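Visitor: The sequence and its predicted three-dimensional model are supplied below.
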Amino acid sequence: MTENPAHTALWPAPTASGAVDATVHVPGSKSVTNRALVLAALAAEPGVLRRPLRSRDTVLMAAALRALGVGIEQTTGPDGAEAWHVTPADLRGPATVDVGNAGTVMRFMPPVAALADGQVRFDGDPRSYERPLHGVIDALRVLGAEIDDEGRGSLPLTVHGTGSLKGGRVEIDASSSSQFVSALLLSAPRFEEGVEVRHVGSSLPSMAHIRMTVDMLREVGAQVEEPESGGEPDVWKVAPGALRGRDLTIEPDLSNAQPFMAAALVTGGRVSIPDWPARTTQPGDKLRDIFTEMGGSCELTDKGLEFTGSGKIHGIDVDLSEVGELTPVIAAVAALADGPSTLRGVAHLRLHETDRLAALTKEINGLGGDVTETADGLHIRPRALHGGTFHTYDDHRMATAGSVIGLAVDGVQIENVATTAKTLPDFPDMWTTMLGNQQG
Ligand SMILES: O=C(O)C1=C[C@@H](OP(=O)(O)O)[C@@H](O)[C@H](O)C1
Ligand SMILES: C=C(OP(=O)(O)O)C(=O)O
């Protein structure tokens with residue numbers, strides 16, 4: 001096999017010559033965009049997504065829905081803002097879906113395909129074969145779907161849809177991914193009997209993302225019972241019913257705001273993120289607390305978030321189980337702190353884009369760091385770091401994490417920075433533009 005040159009290309013991560021002072025317009029949330037696409041496709045009437053994220057993961061989701069017959073047209077407003085107009089249709093195969101390495105596509109789309117009439121083949125990047133999918137496959141079978149995965153319990157697979165799905169009660173172990181729960185809930189209003197999902201595993205990661213699913217279902221008229229509003233623990237119920245089409249402006253992706261906020265923390269500078277929502281289910285909102293504890297300060301106004309570093313970076317002992325996708329950049333900041341950190345509750349990160357606990361340990365230590373893996377996270381003891389290659393393993397958040405270290409350490413080269421296209425295709429330009437505005 002010939003290497004893709006983009007995968008081995010090295011990007012010299014720019015160092016900061018002083019405190020950053022920048023306003024960073026962060027594109028739309030991946031998690032909100034991909035949920036909104038699915039809900040719009042399953043609705044009883046057309047809907048609009050304004051300022052959607054355009055990145056590999058969301059383009060793959062749009063292509064998957066189009067392959068099943070859904071209309072998605074793009075328009076651009078006078079202010080340059082993009083809108084995706086979604087016209088639901090009778091879902092049908094035969095179709096093929098490329099999930100890339102998008103957890104949201106590989107988990108959220110099989111239930112949609114089970115509602116289609118005809119067969120739908122799912123395939124993706126090599127890493128997608130290793131990411132857990134058994135929770136969705138086994139649950140869909142219990143709910144009435146026919147799935148051919150040749151006994152693998154993972155991709156590639158074919159869903160043989162009949163145009164409807166019975167639905168009903170199902171038990172799943174979602175300890176490896178909250179997306180199993182979200183996937184079943186999102187399509188459930190279209191199941192004949194809706195769904196009752198009971199999580200029976202030891203732990204459930206990324207609760208913030210399950211809240212996002214419940215919130216967005218309710219916004220389009222679905223009836224949802226869930227533990228946090230008086231329901232039974234670990235049980236979610238969605239009633240069958242028609243969904244409204246919605247005109248929705250997508251919030252900025254707060255997890256993608258994270259490296260820019262980290263730049264303010266690391267350089268003792270200031271970063272403004274316009275349109276930071278006053279109320280949100282995005283896990284990135286927790287950064288206001290986490291990065292404050294690590295030495296910054298925040299002001300949230302109706303214009304957005306202003307985040308200021310103090311010039312000091314403190315270590316932190318934090319359970320990130322609810323907000324696991326924030327781990328790589330927190331680890332990068334922790335490696336530059338004035339004291340040790342313990343990041344816990346994130347064992348499931350071993351099954352993300354790459355094994356993030358192993359990758360962070362290897363790459364930070366490769367620059368002279370002192371990181372050890374624990375059963376469910378990382379111990380990080382700051383040490384003077386040196387330059388070198390920071391490998392990214394096709395993981396967008398490894399690339400942004402390495403770039404944060406590069407601000408403070410000369411000679412850090414990020415391998416395959418283009419992998420940020422998964423959720424933030426403009427990252428390298430946004431990063432250098434931010435650094436263009438420094439106070440020396
Ligand atoms: O539902 C979602 O949009 C997501 C849920 C989380 O997945 P896991 O529960 O698999 O960690 C998160 O890490 C991922 O980036 C996005
Ligand atoms: C885990 C992530 O992505 P995915 O949606 O592919 O699970 C992530 O973006 O950090």
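Guide: Alright, I've got the coordinates. Ligands and ions are numbered 1, 2, ... in the order given.

Visitor: Contacts only, for the residue of the chain found nearest ligand 2.
Guide: Minimum separation of the chain from ligand 2 (C-beta to the nearest ligand atom) falls at residue 103, amounting to 2.4 Å. In short, each C-beta sits where N, CA and C put it, glycine included. For residue 103, the contacting residues are 131, 177, 179, 352, by C-beta atoms under 8 Å, 6 or more residues apart in numbering.

Visitor: Return the residues of the stretch 51-200 of the chain in contact with ligand 1.
Guide: Selection of the stretch 51-200 of the chain residues close to ligand 1 by C-beta under 6 Å from any ligand atom yields 103-104, 177-179, 182.

Visitor: got those residues as TSV, with distance to residue 393, pLDDT and secondary structure columns?
Guide: Below are these laid out as TSV (distance: C-beta to C-beta, whole Å; pLDDT from 0 to 100; DSSP: H, G, I helix; E, B strand; the rest coil):
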residue	distance to residue 393	pLDDT	secondary structure
103	15	98	helix
104	19	98	helix
177	18	97	coil
178	22	98	coil
179	20	98	helix
182	25	98	helix
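
Visitor: would TSV of the contacts of residue 103 with distance to ligand 2 and neighbour count be doable?
Guide: As requested, the contacts of residue 103 are arranged in TSV below (distance: C-beta to the nearest ligand atom, whole Å; neighbours: other C-beta atoms under 10 Å):
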residue	distance to ligand 2	neighbour count
131	8	22
177	7	26
179	6	27
352	4	23
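
Visitor: farthest-separated two in the residues you listed?
Guide: The two members of these with the most space between them (C-beta to C-beta) are 179 and 352, at 10.9 Å.

Visitor: Neighbours of residue 122, how many?
Guide: Residues lying near residue 122 (other C-beta atoms under 10 Å) number 24.

Visitor: What strand or helix carries it?
Guide: strand 117-123 (DSSP states H and E).

Visitor: what do you get for residue 35?
Guide: Assigned by DSSP H and E, residue 35 falls in helix 30-41.

Visitor: Tabulate the CA atom coordinates of the host helix or strand of residue 300 in CSV.
Guide: Assigned by DSSP H and E, residue 300 belongs to strand 297-301. C-alpha atoms of strand 297-301 as CSV (Å, rounded to 0.1, in the frame of the first residue of the first chain):
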residue,chain,number,x,y,z
SER,A,297,-11.2,33.3,34.0
CYS,A,298,-14.4,33.6,32.0
GLU,A,299,-17.0,36.2,31.2
LEU,A,300,-20.1,35.0,29.5
THR,A,301,-22.2,37.8,28.0
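
Visitor: Check which helices and strands the following helix or strand past that strand is in contact with.
Guide: Sequence order places strand 304-308 as the next helix or strand after strand 297-301, per DSSP H and E. Packing partners of strand 304-308 (3 or more C-beta pairs under 8 Å, 6 or more residues apart in numbering; DSSP states H and E): helix 254-267, strand 270-274, helix 287-293, strand 297-301.

Visitor: Give the next helix or strand downstream of strand 304-308.
Guide: Counting by DSSP H and E, what follows strand 304-308 is strand 317-319.

Visitor: Quick check: buried residues in stretch 179-195?
Guide: For stretch 179-195, the neighbour count (16 or more other C-beta atoms under 10 Å) marks 179-191, 194-195 as buried.

Visitor: Tell me the spacing between the residue nearest to residue 339 when sequence neighbours are not counted and residue 262.
Guide: If the residues on either side of it in the chain are set aside, residue 339 comes closest to residue 315, at 3.7 Å by C-beta to C-beta, 6 or more residues apart in numbering. In this view, residue 315 and residue 262 are 14 Å apart by C-beta to C-beta, to the nearest Å.

Visitor: more neighbours, those two?
Guide: Neighbours per residue, other C-beta under 10 Å: of residue 315 and residue 262, the larger number sits with residue 262, 29 against 20.

Visitor: pretty sure the more buried one is touching residue 291, no?
Guide: Yes. Judged on C-beta atoms under 8 Å, residue 262 makes contact with residue 291 at a distance of 7.4 Å.

Visitor: Could you tell me which residues touch both of the two?
Guide: residue 333.

Visitor: hey, C-alpha coordinates of whichever strand or helix holds residue 329 in PDB?
Guide: Using DSSP H and E, residue 329 sits within helix 327-334. Coordinates of each C-alpha in helix 327-334 appear next as PDB, following Å, rounded to 0.1, in the frame of the first residue of the first chain:
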ATOM      1  CA  THR A 327      -9.500  15.000  27.300                       C
ATOM      2  CA  PRO A 328      -6.800  15.400  24.700                       C
ATOM      3  CA  VAL A 329      -6.500  19.200  24.900                       C
ATOM      4  CA  ILE A 330      -6.900  19.100  28.700                       C
ATOM      5  CA  ALA A 331      -4.000  16.600  28.800                       C
ATOM      6  CA  ALA A 332      -1.900  19.000  26.600                       C
ATOM      7  CA  VAL A 333      -2.500  21.900  28.900                       C
ATOM      8  CA  ALA A 334      -1.800  19.700  31.900                       C
END
